[in-house]
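1. Pasting a predicted model and its sequence here:
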Amino acid sequence: MAQNPPLLKIENLVKSFSDNSVEVPVLDGISFELKIGEIVAILGPSGCGKTTLLNLIAGLDKDYQGSIHINKKNISSFGERLGYIFQDDTLLPWRSALKNAMLGAEINGGIKDFHHELVADLFRRFGLEEFIDHYPAQLSGGMRQRVSIIQALVLDPGLLLMDEPFSAVDYYNKLTIEDTLHSFLKEKNKSALLVTHDIEEAVAMSDRVLILSSRPATIIEEITVDFGIDRALLPPSKARGHKLSSSYYQSIWENLKESVIS
Amino acid sequence: MKIALKRAIQIFWYLLPLFIFLAVWWWLTNKNVKLQFLFSSPGQFYHAFYLALFKEHLLFHTGVTAFEALAGFLIGMVVGVAAGVLLWYWEPLARISRPYIVALGSLPVFALAPIMIVWFGIGIFSKVMMAAFSTVIVALVQTYKGAQSASPAHLKLMHVLGANRKQVFTKVIFPSAMVWVFNSMRLNIGFALLGAFIGEFIAAENGLGYYIIKASGLYDMARVFVGITGIMALGLMFTGLVALLERKFLAWKELT
């Protein structure tokens, strides 16, 4: 682990919103690192600023104090693309599943042969080969979210940001998508930040869990999830049933409880 | 076979109101000269239609009105869509021009007809311009609103994917606006016909407006109704054309 350099380094991140000329602090000195190949989950009470944090990292909001460095570069000069999976369906209804998946590639220098290969592989992994020409309106909610995930992965992102990506899909779809995505990320040694309010999901998907306080958010606890086995060999659906899962669950809930209640 | 039967029943239901109308029309005007003077009659209409078709160049007059309306419609749509896009692209312009657009939009096209005749003559061009003016504001407003109605989630996605302004426009704004543009096309079919018709009504030597005003001057209601039928046929034909285009370009919308 010592040789594994940080991909993302956030130092003393402070963010506030202005509401009728009143400053409302949202993030209050957030600092953490994300290593290459690591999946980190961010848990916290509703409205604590989890999505704001992702938006700052994604460069959607540039008004903040502190520093965000990716690959030792300032966020604005980070050469690689970021992948962002949103909570809600963002597929363009006038494009087929395939064309939606290729959107990022089209925007970033055009579709190349390897994009076709990668997309074919991803559609196969996510069980959507037969739906490649379907429009979003012809797909179920779970299928649409899988296409959104493929869309983010086609760009081969250096860092994948996920904002409650499974909250709108049913439980069985969620388990399947989690397994497929987790296996892809581990196989390709990708880094990811997962914002969620589901403790079980955080434990099953991630290598580390950051717990945020209520607004203004600070990191109140950092828990490394270690099942004593290479995570690439333990898919989230299996991790959920692992004997250590419940103790992680309890420990996280104990930390989270006070913030949620307050 | 089942589909053919269903289709036949559907056509029957479509035609039923027309048959009822013709029957009532015939029943009321049959042997009643006074009512025949006011409303003509199916027999007189048929006779006038036959004459118009083979002796009075009905198809030519219809073609003239169709050309004026269609050319004006195309000019109005192209200029309106381009201006709507420009307003989206340059927001300050949209703010400044808003009262002018409202003022122009509320202007009855009839008020402009004399000016158009003075500027562009009594030939076809003044009618084309009347039709264009009748459609341009609706196209502009609908396109601008359509461009503005693009989903914030889609715009956020484009930002995350690193799209530049041109890519945002071509991949999100324009396709979003297309739904509104097609709505404006459906409305504008009627407005374009109205514009061309009013132009012909004021001063013309050809077209269905000219045909109708000439017939009404002679109190020949049968020929007036023939002219009106021609206008309605054009309206139906153009609406069908827009529906065809919509099915081709907005195929995805039928799925939603």
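-> Structure's in. What do you need?
2. Give me the local confidence score for the residue of the stretch 1-150 of chain B found nearest chain A.
-> With CB to the nearest CB, the shortest gap between the stretch 1-150 of chain B and chain A falls at residue B:150, namely 10.1 Å. No exception for glycine: its C-beta is placed from N, CA and C like everyone else's. With respect to pLDDT, residue B:150 has a value of 92.
3. For it, give me its contacts.
-> The contact partners of residue B:150, taken as CB atoms under 8 Å, 6 or more residues apart in numbering or on different chains, are B:172, B:173, B:176, B:177.
4. does it sit in a helix, a strand or a coil?
-> Classification of residue B:150 using DSSP: H, G, I helix; E, B strand; the rest coil returns coil.
5. same check, this time on residue B:103
-> helix.
6. now swap in residue A:69 and tell me
-> Secondary structure of residue A:69, per three-state DSSP, is strand.
7. Low-confidence ranges, the chain, go.
-> No chain specified, so I'll use chain A. Low-confidence segments of chain A, defined by pLDDT under 70: A:1-4, A:72-80, A:260-262.
8. Not quite, go with chain B.
-> Along chain B, the model assigns pLDDT under 70 to residues B:1, B:256.
9. Count the residues that sit near residue B:180.
-> Residue B:180 is flanked by 21 other residues according to other CB atoms under 10 Å in any protein chain shown.
10. same thing with residue B:205?
-> Around residue B:205 there are 10 other residues, counting by other CB under 10 Å.
11. Pretty sure it sits in a strand.
-> No - counting by three-state DSSP, residue B:205 is not part of a strand but coil.
12. give the contact list for it.
-> By CB under 8 Å, 6+ apart, the contact set of residue B:205 is residue B:122.
13. what's the spacing between it and chain A?
-> Relative to chain A, residue B:205 is positioned 46 Å away (CB to the nearest CB, to the nearest Å).
14. Would you mind naming what in chain A lies close to chain B?
-> Applying CB under 8 Å from any CB of the partner chain, we find that chain A lies next to chain B at A:58, A:60, A:81-82, A:84, A:86, A:88-90, A:92-95, A:103-104, A:106-108, A:135, A:137-138, A:155.
15. Excluding chain neighbours, give the residue nearest to the residue of the stretch 1-150 of chain B closest to chain A in space.
-> Leaving aside its sequence neighbours, residue B:150 sits nearest to residue B:176 (CB to CB, 6 or more residues apart in numbering or on different chains; 4.1 Å).
16. The one you found: neighbour count?
-> With other CB under 10 Å as criterion, residue B:176 counts 21.
17. And the host helix or strand of it, what's buried?
-> Assigned by DSSP states H and E, residue B:176 belongs to helix B:174-202. For helix B:174-202, a neighbour-count test (16 or more other CB atoms under 10 Å in any protein chain shown) marks B:174-185, B:188-189, B:191-202 as buried.
18. how far is it from where the chain is centred?
-> 5 Å (CA atoms, centre = their mean, to the nearest Å).
19. Give me the next element, helix or strand, following it.
-> Using DSSP H and E, the helix or strand that follows helix B:174-202 towards the C-terminus is helix B:208-217.
20. Could you point out the helix or strand that follows that next one?
-> Helix B:208-217 is succeeded, C-terminally, by helix B:221-249 (DSSP H and E).
21. helices and strands around that following helix, which ones?
-> Packing partners of helix B:221-249 (3 or more CB pairs under 8 Å, 6 or more residues apart in numbering or on different chains; DSSP states H and E): helix B:33-39, helix B:42-54, helix B:58-89, helix B:174-202, helix B:208-217.
22. Can I get the first one in PDB? Just the C-alpha atoms.
-> Backbone C-alpha positions of helix B:33-39 (Å, rounded to 0.1, in the frame of the first residue of the first chain) are rendered in PDB as follows:
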ATOM      1  CA  VAL B  33     -84.300  28.700 -52.900                       C
ATOM      2  CA  LYS B  34     -83.800  31.200 -50.100                       C
ATOM      3  CA  LEU B  35     -81.600  28.800 -48.100                       C
ATOM      4  CA  GLN B  36     -79.800  27.700 -51.300                       C
ATOM      5  CA  PHE B  37     -78.900  31.400 -51.900                       C
ATOM      6  CA  LEU B  38     -77.400  31.600 -48.400                       C
ATOM      7  CA  PHE B  39     -75.900  28.200 -48.100                       C
END
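23. Give me the residues contacting it.
-> B:25, B:28, B:29, B:44, B:219, B:221.
24. Kindly indicate which of these lies nearest residue B:157.
-> Of all the contacts of helix B:33-39, residue B:157 sits closest to residue B:25, with 58.1 Å by CB to CB.
25. Can you report how many residues lie near the nearest residue to that closest one once chain neighbours are set aside?
-> Spatial nearest neighbour of residue B:25, excluding adjacent residues (CB to CB, 6+ apart): residue B:42 at 5.6 Å. Close neighbours of residue B:42, defined as other CB under 10 Å, add up to 17.
26. Tell me who's in contact with residue B:42.
-> If you count contacts by CB under 8 Å, 6+ apart, residue B:42 has them with B:22, B:25, B:26, B:29.
27. Could you count how many residues lie near residue B:216?
-> Neighbour count for residue B:216, taken as other CB under 10 Å: 13.
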